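In: Just a sequence and a predicted model for now, questions to come.
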There are 2 protein chains.
Amino acid sequence: MKKFNDYRKKTDAKEIKDVGYQFVDILANYLDQIQNIDSKVVNYMSPEDAFKIYDEPMPLEGMDLKKLLKEVVDPLLSHAQNLASPSYMGHQVCHPLVLSSFAKGLSSAINQGLAIQEMSPLGTMIEKRVIRWICDAVGYSEQGDGTIVSGGTEANLTGIMVARSVKAGHDIWKEGNHQSLVGFCSARSHYSIERAFGILGLGTQNLIKIRETSDFKMDVTDLKRAIAETIEQNQKPFVVIATAGCTPVGSFDDLETIALICKKYDLWLHVDGAHGGSFVFSDKLKHLLKGIHQADSIALDPHKMMFMPLNLGTILLKNQKHFDETFKVNAPYIFHKTAANLGCLNIGERTIQCSRGFEAFKLWICLKHYGIQYFAEMMNHCVDMTKYLYDQLDESPDFETLNVPESNILCFRLIPESLRLSLPEVVDEFNFNLRNTFNRTGKAWITTTVLGGRRMLRTTIINPRTTKKHIDQMIIDLRETGEQIVN
Amino acid sequence: MKKFNDYRKKTDAKEIKDVGYQFVDILANYLDQIQNIDSKVVNYMSPEDAFKIYDEPMPLEGMDLKKLLKEVVDPLLSHAQNLASPSYMGHQVCHPLVLSSFAKGLSSAINQGLAIQEMSPLGTMIEKRVIRWICDAVGYSEQGDGTIVSGGTEANLTGIMVARSVKAGHDIWKEGNHQSLVGFCSARSHYSIERAFGILGLGTQNLIKIRETSDFKMDVTDLKRAIAETIEQNQKPFVVIATAGCTPVGSFDDLETIALICKKYDLWLHVDGAHGGSFVFSDKLKHLLKGIHQADSIALDPHKMMFMPLNLGTILLKNQKHFDETFKVNAPYIFHKTAANLGCLNIGERTIQCSRGFEAFKLWICLKHYGIQYFAEMMNHCVDMTKYLYDQLDESPDFETLNVPESNILCFRLIPESLRLSLPEVVDEFNFNLRNTFNRTGKAWITTTVLGGRRMLRTTIINPRTTKKHIDQMIIDLRETGEQIVN
């Protein structure tokens, strides 16, 4: 069988274009169609049925590409989770800018290796540039630097690891963990913080969850109490992890006050800004991040509020020398000296990953084409729409809102009149079922979580194409599904 | 300024196609041209000059896309590290199958989140399928499973972390590291192994480097001695990391014997097959991996010898229950129950990463189109060409070969007649300079390492388009550069 771009002979441009255009056409037609208001967010298929489509042995000879694309793309796209729909209001995964995906295709084809500068002579400079722009925006001086990572989880892991290295008081890289090092985070922090303590061998029991205020922020009084208590017990506190845009409700911790406390006790301040860190680029929203320049390390995910495809996170350090103190490398087959006056150009010396793709290209080209103000407008719009949703629900007697949204995440519950006197467990179960049933209609798509022990509905408005019209319709549809369940 | 695919209005298919075709054209024309024998592997530009191209403040408004593509793509592609050139024989980063890059563009546009099945209803099944195929090939039963990770480094980190959890004898996730847990790896193992010990808080001093045999394999006698010694010293050995295709010379450890030793001492066997693990798919090469089915965990990178773009690694476990015992998650906003009879469908419960892209798609579509035999042929060809290079150099009095290649990596030195009586340091320096000068000619591209304290030249033949003609020419050109340096 004839293979596309067969390695045993030269392939001319025409053959490559023919196939490339097919992929572009598939995507363009898909995106055109799913912008329609009546297009479903998901065309539900059970896991069992989905499994069966692909349940086959490894192909030996392969099949014709045209036939394959026809057979494959139809089920894949028609049953995909349709993030491009303006009625998608689910997890914090975005419909990426289409330009970024074209850029990702191109950058993956040239496959520049971003571990070392000699494998990515210009790619390295593009990653350094994008990181510089982000460092400038958070208010880091030239001493600051960062790297692209796979996302907030790797960024949080790296930040806490650097904190451990700086604060341990011995060569922890070589000698391992000796004593109990204690960290503090808010009760609403992302699970990756606890995971980092597990992975790093610090022990999750040494991560103390600080109480939250009624508006879902870290209670700074409780933080001070917990730190003092730890010291009294002869344990060693070393890091505070503040959250800037928490996953359940999108609230922002008071970074300025927490920075003061960290200074007093000589603790590392890591800010998990995976979700909300990007708001530094919006004049309207950056007040939420006041004091972020005082953080020793910051996680910030362009694959969330900067509308990049997975995976594109960043970890930033206020003082880049701590990267080099933390990671110690001896690998003569890969790392050699580069131009000293440009700082660290072998970015892999500073990352958990070794082989690293050219992920910076897509963000860079989008920033160059759209400009940062366009990004700010998109973020602002998502937050505005969330506030609009809040207002609509707050005025409705059958809905209960749980947080006043600071960003683009909102938790709420539907309590139909007939359930108003029911036990809390009944309302919980109703909302859990509501979410599942509602999502399967494909009319819109929301998530759920538990807050204060109670089951919540939860929306993230992360598609800038979502308008008031989509939100109004979502409320109508949700109520309708609720009525069907009750009756 | 008009923005491509402006979020404030509907974009029709035509506008998306126009831009998509431009990207395809750029790539197709580039790939067409660089297959020519006289095309340079790299058109050298100094880091300082490369830095200057991108040294500008964050764009506020952005610029016209057509103009941007014209301005940007020319320097980026003409000064990229040209992995598509058949004369690229450098690091273990491949020229990916073009089909995989088109697939990557498409999958990134639909941005299915592979942490949880509800965000990737069919994508999850495609990842599970690809992993099943690989598990079948290494000889794992249905008990085995794995996940896609960012590469060998994350795979090794995960494997060693699982080993730690299984062998620690206490709840290490919760309590942290208590005692010195000791691991063993070969002297030639990848730096990510040592890094894993640093990251996990085990301490790099607790990783014992086992002597190597004259053919660069782990000396199993020394391994037995080291384990016994550790036990005598009341330390707790827990893991042996064998290498299947080591970075410096591509040699394979004796997995069968090492598995026997691990069994005797009740140690976890992790195989770093990031480079050579893919050889399980080749009837001609899989003998190198004899015994791999006995490994408790395996790292295997499709982004190396399966010609995928960065990043696509895998971690496989012989018994998947160890994933769940290791990672402990409580995150009600994301993880809910899925179809129980299909195993773990929320793959993010088993990975260090939380947000995970749909990386499986590109590998799956290439396996479906090309079939596994085509992959095996490409691997075999790369190894054959390396043996051809070895034969040519071995017959040349001015070259010294350092390893008989088991796979597609070869170390050697050029010692021109005039240096034959020089001090070793002089020959070292000559070869180091030779590599740098030679690579800047752009005629071919090789790497360097240090073996037994001496500076080596090193090639990885990882482009299936490399033929005897390219190898012969590389030798001629290398000798010519050497003569210029000597004179």
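Out: That came through, no problem. Just so it is clear, the structure is predicted and the values come from calculations on it, not from any experiment.
In: distance between the ends of stretch A:181-192?
Out: From its first residue to its last, stretch A:181-192 covers 18 Å (Cα to Cα, to the nearest Å).
In: Now do it: distance to the chain's middle.
Out: 17 Å (Cα atoms, centre = their mean, to the nearest Å).
In: quick one: is it near chain B?
Out: Yes - Stretch A:181-192 lies within reach of chain B by Cβ under 8 Å from any Cβ of the partner chain, at A:190-192. No exception for glycine: its C-beta is placed from N, CA and C like everyone else's.
In: Of those residues, which is the nearest to chain B?
Out: residue A:191 (4.0 Å; Cβ to the nearest Cβ).
In: Which pLDDT value goes with the closest one?
Out: Looking at residue A:191, its pLDDT is 94.
In: Equivalent analysis for residue A:33, please.
Out: 89.
In: still on that earlier bit, for the residues of stretch A:181-192 next to chain B, which one is nearest residue B:380?
Out: Proximity of these to residue B:380 (Cβ to Cβ) peaks at residue A:192, which lies at 41.6 Å.
In: How many residues are close by that closest one?
Out: By other Cβ atoms under 10 Å in any protein chain shown, 27 other residues sit near residue A:192.
In: Identify the residues contacting stretch A:305-312?
Out: With Cβ atoms under 8 Å, 6 or more residues apart in numbering or on different chains as the contact definition, stretch A:305-312 has outside contacts at A:93-97, A:100-101, A:104, A:148, A:150-151, A:275-276, A:278-279, A:281, A:301-303, A:359, A:362-363, A:366, A:375, A:378-379, A:382, A:408, A:462, A:464, B:108-109, B:111, B:113, B:150, B:353, B:355-358.
In: Give me the residue at the spatial middle of chain A.
Out: Geometric centre of chain A, nearest residue: residue A:304, 4.6 Å, by Cα atoms, centre = their mean.
In: Do me a favour and average the pLDDT over whichever helix or strand that one is part of.
Out: Element membership of residue A:304 [criterion: DSSP states H and E] is helix A:302-305. The average pLDDT within helix A:302-305 is 98.
In: which residues in the stretch 251-400 of chain A form helices?
Out: In the stretch 251-400 of chain A, the segments counted as helices under DSSP state H, counting those that start in this stretch are A:255-265, A:302-305, A:321-326, A:360-370, A:372-394.
In: Buried deepest among those helices, which one?
Out: Stretch with highest mean neighbour count among these: helix A:302-305 (a mean of 30; mean count of other Cβ atoms under 10 Å in any protein chain shown).
In: Return the distance of that helix from the chain's centre.
Out: Per Cα atoms, centre = their mean, the centroid offset for helix A:302-305 relative to its chain is 6 Å.
In: go on, stretch A:65-80?
Out: For stretch A:65-80, the distance to the chain centre is 28 Å (Cα atoms, centre = their mean).
In: Repeat that for stretch A:226-244.
Out: On Cα atoms, centre = their mean, the centre of stretch A:226-244 falls 27 Å from that of its chain.
In: Equivalent analysis for stretch A:198-211, please.
Out: 22 Å.
In: So for it, mean pLDDT?
Out: The predicted confidence, averaged over stretch A:198-211, sits at 97.
In: buried sites along it?
Out: A:198-204, A:206-210 (16 or more other Cβ atoms under 10 Å in any protein chain shown).
In: Spit out the contact partners of residue A:327.
Out: A:349-351, B:195, B:198.
In: what residues go with each domain of chain A?
Out: Split into domains by automatic domain parsing, chain A comes to A:1-34+A:45-78, A:112-357, A:373-486.
In: Endpoint to endpoint, the first one covers what distance?
Out: According to Cα to Cα, domain A:1-34+A:45-78 extends 29 Å from its N-terminal end residue to its C-terminal end residue.
In: can you check the last one too?
Out: Between the opening and closing residues of domain A:373-486 lies a distance of 46 Å (Cα to Cα).
In: how far out from the middle of the chain is it?
Out: Averaging C-alpha positions (Cα atoms, centre = their mean) puts domain A:373-486 21 Å from its chain's average.
In: So it, near chain B or not?
Out: Yes - against chain B, domain A:373-486 shows contacts by Cβ under 8 Å from any Cβ at A:373-374, A:378, A:381, A:439, A:447-450, A:458, A:464-465.
In: Redo these as TSV? Include pLDDT and distance to residue B:418.
Out: Shown next, in TSV, are those (pLDDT from 0 to 100; distance: Cβ to Cβ, whole Å):
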residue	pLDDT	distance to residue B:418
A:373	98	63
A:374	98	62
A:378	98	65
A:381	98	71
A:439	97	76
A:447	97	72
A:448	95	76
A:449	94	73
A:450	93	76
A:458	98	74
A:464	97	67
A:465	95	70
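In: Alright, I will stop here.
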